[in-house]
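Chemist: Any chance you can model this:
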Amino acid sequence: MSELNNIALEIIRNGKGILAADESTGTMTKRFESVNVQSTPENRLLFREILLSSSAMTDCIGGVILYDETIKQVSSKKIRISELILSKGSLPGIKVDTGAKVLANSPSEKITEGLDGLRERLEEYYKIGAKFTKWRGVYTISKDYPSKLSIHSNAHALARYAALVQECNMVPIVEPEVLMDGDHSAKDCFRKTSDVLKKCFEELILHKVDLKGIILKPNMILPGNKSKEKISNEEVAKLTLDCLKVSVPTEVPGITFLSGGQSEIQATENLNLINKYNNTNFIMSYSYGRALQQSALKFWSKNIKDIEGTQKIFNHRAKMNTLAALGEWSEELEN
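Modeler: Numbering: from 1, shown residues only. As a prediction, this is how the structure comes out:
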């Protein structure tokens, strides 16, 4: 097995998953303001350090995706955040794209930027201790979208990114997110997600990316958030598995789902059912941001000095998702 394959498996084996703590300063400010906490660098570090010092980091979290601000910060223990993560037996990662901008000649769609100077930035992050990276492409569903232009442009960028990351001895997380926004059906989501994934892998192979040394971070197959269609969690699981089986090469070691607008419980329940029905060789786990942090953030906002109480809530959510990644979660365990 290659070194990159070993790193990928270390992050997601035995039910472990990924804490997506790579929110930009703007996104974190919105989340803090929603719970009436001032968004200062000190407060952002305090909240993240509480999560990163928890027992869940050893028991459930195999990797943490950080943002540029966070990976360079020093914890209250006077060690880098990346060293704190490593000390808990987890691996530090870094978001390296610079965000989605308007796609030229298709103004309703987005293209992710950040390739300029990426090789040099990757070398810097590697020296700080990053073992893996993340890049997100975003796609909207409507009658006309995602267009061939969007599918091709974002797949090309994801492949160029992944090739550069592997050149620097890190594992790229490839995140092509087909958004929940819209009134589309689950069938539409299946078809468009499959188109997106197939093009991504076509480009990854063209760019000679080692598929055994990546992690895929896709959306689950769901109807749009404005759709009148209601489907069961079992249908979500089966559609998601069917989509991945026809779209993802078998060499890929693992798939870590994004929560993408689902509630905490919904994201856990759907992941659990995916693993109950999983008849593939893929490890299926989680790479959740809000679905891991939101309850802990709400609790912490009431008393930012209550470290133990905040960690207890985060530990519970992480444990529930790790059980789901093993297909062993049940609703009774939530009480």
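Chemist: you'd agree N281 is up against T250?
Modeler: Yes. Counting by C-beta atoms under 8 Å, N281 does reach T250; the two are 5.9 Å apart. (C-beta placed from N, C-alpha, C; glycine too.)
Chemist: Where do the helices of the stretch 101-250 of the chain begin and end?
Modeler: 118-128, 148-167, 186-206, 233-247 (DSSP state H, counting those that start in this stretch).
Chemist: For N6, find the nearest of those helices.
Modeler: Distance to N6, taken as C-beta to C-beta, is lowest for helix 148-167 among those, at 13.4 Å.
Chemist: who does that closest one touch, helix- and strand-wise?
Modeler: Other helices and strands packing on helix 148-167, by 3 or more C-beta pairs under 8 Å, 6 or more residues apart in numbering; DSSP states H and E, are strand 100-103, strand 106-112, helix 118-128, strand 132-139, strand 171-178, helix 186-206.
Chemist: how about these in CSV, adding mean pLDDT?
Modeler: Formatted as CSV, the helices and strands packed on helix 148-167 follow (pLDDT from 0 to 100):
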stretch, mean pLDDT
strand 100-103, 97
strand 106-112, 97
helix 118-128, 97
strand 132-139, 98
strand 171-178, 98
helix 186-206, 98
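Chemist: I'd like the helices of the stretch 101-250 of the chain written out as JSON lines, with mean neighbour count and distance to G17 added.
Modeler: Formatted as JSON lines, the helices of the stretch 101-250 of the chain follow (neighbours: other C-beta atoms under 10 Å; distance: least, C-beta to C-beta, whole Å):
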{"stretch": "helix 118-128", "mean neighbour count": "15", "distance to G17": "21"}
{"stretch": "helix 148-167", "mean neighbour count": "21", "distance to G17": "20"}
{"stretch": "helix 186-206", "mean neighbour count": "20", "distance to G17": "20"}
{"stretch": "helix 233-247", "mean neighbour count": "18", "distance to G17": "16"}
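Chemist: Tell me which of these sits nearest to K312.
Modeler: helix 233-247 (26.9 Å).
Chemist: Work out for me the element the residue nearest to the spatial centre of the chain sits within.
Modeler: The centre of the chain sits closest to S287, judged by C-alpha atoms, centre = their mean, with a distance of 3.8 Å. Assigned by DSSP states H and E, S287 belongs to strand 283-288.
Chemist: Now do the helix or strand just after that strand: which elements does it pack against?
Modeler: Going down the chain from strand 283-288, the next helix or strand is helix 290-302, by DSSP H and E. Applying 3+ C-beta pairs under 8 Å, 6+ apart, one finds that helix 290-302 contacts strand 17-21, helix 25-34, helix 41-52, helix 264-277, helix 307-325.
Chemist: pLDDT score for the residue nearest to K298 when sequence neighbours are not counted?
Modeler: The shortest distance from K298 to any non-neighbouring residue, by C-beta to C-beta, 6 or more residues apart in numbering, is to V35 (5.8 Å). If you check V35, the pLDDT there is 95.
Chemist: cool, K143 as well?
Modeler: pLDDT, K143: 92.
Chemist: Equivalent analysis for S76, please.
Modeler: So, for S76, pLDDT stands at 89.
Chemist: number of nearby residues for it?
Modeler: Using other C-beta atoms under 10 Å, S76 is surrounded by 10 other residues.
Chemist: pretty sure L9 contacts P253?
Modeler: Yes. At 5.8 Å, L9 and P253 qualify as touching, with contact defined as C-beta under 8 Å.
Chemist: With neighbour numbers in mind, choose between these two.
Modeler: Neighbour comparison, L9 and P253: the larger count goes to P253, with 25 against 19 (by other C-beta under 10 Å).
Chemist: so G89 touches A56, yeah?
Modeler: No. At 11.1 Å, G89 and A56 do not qualify as touching, with contact defined as C-beta under 8 Å.
Chemist: These two: who's more crowded?
Modeler: Neighbour totals were compared for G89 and A56, and A56 leads with 25 against 13 (other C-beta under 10 Å).
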